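[1] Please work out how this folds:
(2 chains, ligands or ions: 1)
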Amino acid sequence: MDHTNSRRYFLKTAGSLLGAAFLGLWGTMIHTQRKSKKKELIRISLDSNGTVLFHEDCIVINKDQPVVLSSYCTHLGCRIQTFENGQLVCPCHGSTFDLEGNPLKGPAITQLKKLDFTLNKETQTITIKI
Amino acid sequence: MELLKKIWPFSSFGQISLALLLICVVSGILLAVPYDVNDAYASISLMMLINPAAILFRNMHYWSANFFLVFSLIHIWDHFSAKAGIKLKSGIWLRLSIGVLIILLAMLTGFLLKADADSLQARRILNDLVGGIPFIGSLLSASLLGISDSLQVIYVHHIATFTLFIVIIIMEHHKTIWPGLKETIWVTAFVLVLSFLFVAPLHDNLNPVIKGPWYFVGLQEILHWLSTPQVSLLIVLLFILLIFLVPYGSPRNQFVTKRALLILTIIYLLLTLTGYFFRGPNWKFITPANSDYSHYIYNPFHSNGFAFTDYQETNRVNTSPEVFGRKEGCLACHQDVKGLSASHNPEALGCYSCHGGDPFTMNKNTAHKNMELIPGNLTTAERSCGTTACHPEIVSRINTGLMATLSGMISVDRYVFDEQDSPDELTTIHHLGNSAADEHLRNLCVRCHLGNQKTETGPVNESSRGGGCLACHLNYGDKSLTAYHQHKNNDQDTTYLSFHPSVDLQVTDEHCFGCHSRSGRISTNFEGWHETTLTAEETDGSSNYRIVEGYRVFRKQEADVHHTGGMECIDCHNSYELMGDGTLYPHEEQQTDIQCSDCHYSDKPNTLVLCEFDQESAIINSLRFSRADGKKYLSTAKRKRPLINTFIRNDSAFLITKNSKQTKYMKPPASVCSRGEAHNDLSCNSCHAAWAPSCIGCHNAYDDHEPGYDMLRNDFITGSWVEYVGEYQAHAPALGYRENGVVKTVIPVVPGMILTIDKHSYDHSYEDTVLFHRLYAPAVPHTTQTKGRSCTSCHNNPVALGYGQGELTYTANEQGGIWTFNPKYKNSPYDGLPEDAWTGFLQERSGKVSTRSDVRPFTLEEQKKILTIGACLTCHNESSEIMKESLFDYQKVLDSRKEQCILPFKK
Ligand code: FES
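    Numbers count the residues shown, from 1 in each chain, chains lettered A, B, ... in the order given. Predicted coordinates for the structure are as follows:
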């Protein structure tokens, strides 16, 4: 085995290993950091009026059976904060959705994510964890 | 390129780029002082207001960066075309090619650091795009943008990572970072001039248009068409790859790559232009023909520029509230403005959201430039009252309402001028031309529409017409009114600036009065005033007369019971009737939702509970009244809209007046209303409308010399249609039939248009004969009385039957009974009928008879039926048993009649 070759081989292997370790560490760091992010609680009092409320991360259709949708447009994540002619409209590229989150007009083709929430009938509040 | 080089005083484009980078770095370092990464948007708005030097550095930073990008690209292209070609090691060249992406990223992070509405959305897009890269996407996006909402990571990349990379690659291929002195001086001068003239953009967080930085607007346009947006990353990669490939391969290959690059760039530029100049709110296509174009398309050349004066306001700015996440200059000067209701509190909304102008300056002139002194006019409502955060739902439909289109008025006028075959066509004021009818409308009618601009401040009064949202929602309180008058008398008095009129839900009858005291005059009828042809001098000055607008004389009549009971227009009419419901209606009766029977029901009421309300009604309900769950509200039968000011308690219906909050019991219809079957087809109004104003015998001619007015253009003109009015009268209205398919209803009608028109006087190409029409119009007079009309007021009344005024007599002898009619007015030379008649006595009339195609006078058969009862009533008292019985079984009563009962119309 040639001397230079073996050194190159060694460096390459060591480099790749280091690189992989670095990538792994990088991933762990981001992952841990993500996990440590505090969940935010949003509380809304139920008004049964079908009012559409826009929060930073979610859209609440406040009715007897409330619907909580993610405010992130399924096209590219823009914040949807407009309700026009009975439709939710994304300002960035013009996708529209109905109040159940179904896409009506592109570019978006998938439904807005429905978010979990708890409904307390007694206190008439909707609680959403973001 | 060669030509450009000849007129260019610089050694190379690279040198210019270097100079630009230098300015960019220096101004960036300085800008870091006023910029607060933890409160970015507010800190930029603050520097815009109080720190002129910071603005200058911000502008320099912005312009130098943008031109650095442009000149770097030109520099690269320049080397592509140079004969010598690019002689760099492939590693360096690779890094330089990637450098283009890094420059874009450095600039994009700068864009994100503004943290305005554009930036926040761009950040979310970038996060999604990068996050979508396979395998390492989520790592990359977290490392590029951070995990929390903070801008910290982006800031680090902007000032360190990307900037360093740029500096390194420059050093690598150019060996020095310093530009030549000549270039630096010229370029600095150029950037300085630009920065004085054009302010770097900052979104106001209200304008609905969201756009990325100009160099990514083309990408935004591409993304609009891409359902799988990750493809756009490939496009960017392809671009970088092409740049990298240019110096390699055979000359032919090089040529092809360069061409591909050029074509791609041209296409991208075209897309950029489309995105930049032709995309408005929600990325909808927009052209300069759109009236709001300049509001939606940011134009740096309309920038208010850099202003030197009036920057001594630091304290005021500091103590002013933050609205929409930023400071606005308006609030620093106009502090403590009183009078607006809680929902329009300037501490929350600022001034800019309604009045426009420039919120990011303390220079008075700049701030007030393009300001809307009177917001809410329909031409501008979309960007004041109708912005996303406020009432977009209403503003988007207001133009569908009849008060904005005037469809019925226009259609009927054209119909009577013989310019339209049906009076029921959908028309709109926006399509008025110059025909005889349209000119007639312009001269005499179309001042009353919501779109008529309010051009002067001041309260809504009898003379007000239009004004968009303010037509109904503007209210001056005592203080604002006094201040307004003080300012009117002395324009140095600025107290009015501290006392703003209120914009609220207190829509009173006065708001409706200006327009609705005309034509059908429902506002004056409702309050019990009848217009006369008297002049102010001819009255006795007593309270029996009222002078409106200084010259119209009204005489006292019976007011509507709803008025005497304390109700106002809005107690019956809901927001959808008044502001349109999104559907275009030809006539008011179609747009109207409320019916008497919604409140005065005989069987079961139509009800709704709060959770069944539509959103708008629910919001208005909560603003006007406190929440009341479980309460049963009445609703309209026609469109199932809640009557938010009603409720049912113990099987009785109640109404709360919207403005004065008085509770009223609402009576069910009297038993007489539903006695027997005989009067089933009568509308409530046909009995309960006590009187209606009418005008007969008017003549219309055009006078070339008459000083006139074009109400649409709001302009004085010479030459106008003139109306020579006949007589105004007030009496119980005539009756007729409205036939909708199988449903026939008796309704009140008034002589809407018995007139002659001299069309030839307007345009000599028309035939030289006078046009005559005898049209009655359906009416809802708003003169309701609790007690309905007597039997004889219809059955024995020539006016009710449509014959006009006169003597209607019944004579009976052995030969039989005969009705005779002796009219009060002469017969018209045009059709031989008495001047005020709708139909001839015991005659039929059809064809062009009314201002609706479904309304007609009684047929001969119907007249005979009515008059036969009328004959009975000449002997039998209307409250006699026999007459009551006739309501149940008319035929039986007829069959069992005595011999002396002589009926008419019997052979
Ligand atoms: S992000 Fe919503 S349409 Fe593109």
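[2] burial measure for the residue nearest to A:Glu100 when sequence neighbours are not counted, as a count.
    Nearest non-adjacent residue to A:Glu100, counting by Cβ to Cβ, 6 or more residues apart in numbering or on different chains: A:Val67, 6.4 Å away. All C-beta atoms are positioned from the backbone trio N, CA, C, and that covers glycine. Using other Cβ atoms under 10 Å in any protein chain shown, A:Val67 has 18 other residues around it.
[3] and what of B:Asp491?
    The burial count for B:Asp491: 9, using other Cβ under 10 Å.
[4] same deal with B:Asp598?
    Neighbour tally, B:Asp598, other Cβ under 10 Å: 21.
[5] check contacts around the residue nearest to it when sequence neighbours are not counted.
    In space, and not counting its chain neighbours, B:Asp598 is closest to B:Thr636: 5.1 Å by Cβ to Cβ, 6+ apart. Residues counted as contacts of B:Thr636 (Cβ atoms under 8 Å, 6 or more residues apart in numbering or on different chains) are B:Asn574, B:Asp593, B:Ile594, B:Gln595, B:Asp598, B:Asn606, B:Leu643.
[6] just to revisit the earlier point, correct me, but the residue nearest to A:Glu100 touches A:Leu115?
    No: counting by Cβ atoms under 8 Å, A:Val67 does not reach A:Leu115; the two are 9.2 Å apart.
[7] Tell me the residues that contact both of these two, please.
    Between them, A:Val67 and A:Leu115 share no contacting residue, judged by Cβ under 8 Å, 6+ apart.
[8] tell me the pLDDT at the residue nearest to B:Asp598?
    pLDDT for B:Thr636: 94.
[9] who's in contact with the helix or strand of chain A with the lowest mean pLDDT?
    The helix or strand of chain A with the lowest confidence, counting by mean pLDDT, DSSP states H and E, is strand A:41-45 at a mean of 76. Strand A:41-45 is contacted by residues A:Leu53, A:His55, A:Cys58, A:Val60, A:Asn62, A:Gln124, A:Thr125, A:Ile126, A:Thr127, A:Ile128, A:Lys129, A:Ile130 when judged by Cβ under 8 Å, 6+ apart.
[10] tell me what the helix or strand following it is packed against?
    Using DSSP states H and E, the next helix or strand after strand A:41-45 towards the C-terminus is strand A:51-54. When contacts are defined as 3 or more Cβ pairs under 8 Å, 6 or more residues apart in numbering or on different chains; DSSP states H and E, strand A:51-54 packs onto strand A:58-62, helix B:615-624.
[11] Give the other helices and strands that the last one contacts.
    I take that to be helix B:615-624. Counting by 3+ Cβ pairs under 8 Å, 6+ apart, helix B:615-624 packs on strand A:51-54, helix B:575-579.
[12] switch the cut-off to 10 Å
    Judged by 3 or more Cβ pairs under 10 Å, 6 or more residues apart in numbering or on different chains; DSSP states H and E, the packing partners of helix B:615-624 are strand A:51-54, strand A:58-62, helix B:392-398, helix B:575-579, strand B:632-635, strand B:642-643.
[13] Make sure B:Ile754 is actually in contact with B:Ala837.
    Yes: B:Ile754 is within contact range of B:Ala837, at 8.5 Å (criterion: Cβ atoms under 10 Å).
[14] Which one of the two is surrounded by more residues?
    Between B:Ile754 and B:Ala837, counting by other Cβ under 10 Å, B:Ala837 is the more crowded of the two (32 against 25).
[15] Am I right that the more buried one falls within a helix?
    No: counting by DSSP: H, G, I helix; E, B strand; the rest coil, B:Ala837 is located in no helix; its state is coil.
[16] so how far is B:Ser828 from the residue nearest to it when sequence neighbours are not counted?
    Nearest residue to B:Ala837 in three dimensions, chain neighbours excluded: B:Gly804, at 3.8 Å (Cβ to Cβ, 6+ apart). To B:Ser828, B:Gly804 is 10 Å away according to Cβ to Cβ, to the nearest Å.
[17] Domain ranges for the chain, per the record?
    No chain specified, so I'll use chain A. A:1-36, A:41-129 (automatic domain parsing).
[18] Wait, chain B was what I had in mind.
    If you go by automatic domain parsing, chain B breaks into B:11-203, B:207-301, B:318-371, B:524-557, B:569-594+B:601-668, B:684-895.
[19] so which of those domains gets nearest A:His93?
    Nearest to A:His93, of all the domains of chain B, is domain B:207-301, at 4.1 Å by Cβ to Cβ.
[20] quick one: that closest one near chain A?
    Yes: judged by Cβ under 10 Å from any Cβ of the partner chain, domain B:207-301 and chain A are in contact via B:208-212, B:220-230, B:232, B:279, B:281-285.
[21] okay, and the common contacts of B:Gly804 and B:Ser828?
    B:Ile754, B:Pro834, B:Glu835, B:Asp836, B:Ala837 (Cβ atoms under 10 Å, 6 or more residues apart in numbering or on different chains).
[22] Touching, the second one and B:Lys826? I think so.
    It stands for B:Pro834. Yes: at 7.0 Å, B:Pro834 and B:Lys826 qualify as touching, with contact defined as Cβ under 10 Å.
[23] Neighbour count for those two, which is higher?
    The neighbour comparison of B:Pro834 against B:Lys826 (other Cβ under 10 Å) goes to B:Pro834, with 22 against 8.
[24] next one: phi and psi at the more buried one?
    phi -60, psi 150 (degrees, to the nearest 10).
[25] ok, for it, nearest residue in space, not its chain neighbours?
    Per Cβ to Cβ, 6+ apart, closest to B:Pro834 is B:Pro823, 3.7 Å.
[26] repeat for B:Ile169
    For B:Ile169, the spatially nearest residue (Cβ to Cβ, 6+ apart) is B:Gly99, at 4.6 Å.
[27] so that neighbour touches B:Ile76, yeah?
    Yes: if you go by Cβ under 10 Å, B:Gly99 and B:Ile76 touch, sitting 9.3 Å apart.
[28] Give the residue spans of chain A that score low on pLDDT.
    The model of chain A has pLDDT under 70 over residues A:1-5, A:47-50.
[29] Kindly recompute the last result at 50.
    A:1 (pLDDT under 50).
[30] circling back: B:Gly99 and B:Ile76: which has the busier surroundings?
    B:Gly99 (25 against 20).
[31] ok so, going back, name the residues of the least confident helix or strand of chain A that are buried.
    Of the residues in strand A:41-45, those buried by neighbour count under the rule 16 or more other Cβ atoms under 10 Å in any protein chain shown are A:Ile42, A:Ile44.
[32] where exactly do the helices run in the stretch 551-700 of chain B?
    Here the stretch 551-700 of chain B has its helices, by DSSP state H, counting those that start in this stretch, at B:561-564, B:569-572, B:575-579, B:588-591, B:596-599, B:615-624, B:684-688.
[33] Next up, the contacts around the residue minimising distance to the centre of chain A.
    By Cα atoms, centre = their mean, chain A has its centre lying nearest to A:Tyr72, at 6.1 Å. By Cβ under 10 Å, 6+ apart, the residues touching A:Tyr72 are A:Asp57, A:Cys58, A:Ile59, A:Cys78, A:Arg79, A:Ile80, A:Cys90, A:Leu112, A:Lys113, B:Arg124, B:Asn127, B:Asp128.
[34] Cool, thanks, signing off.
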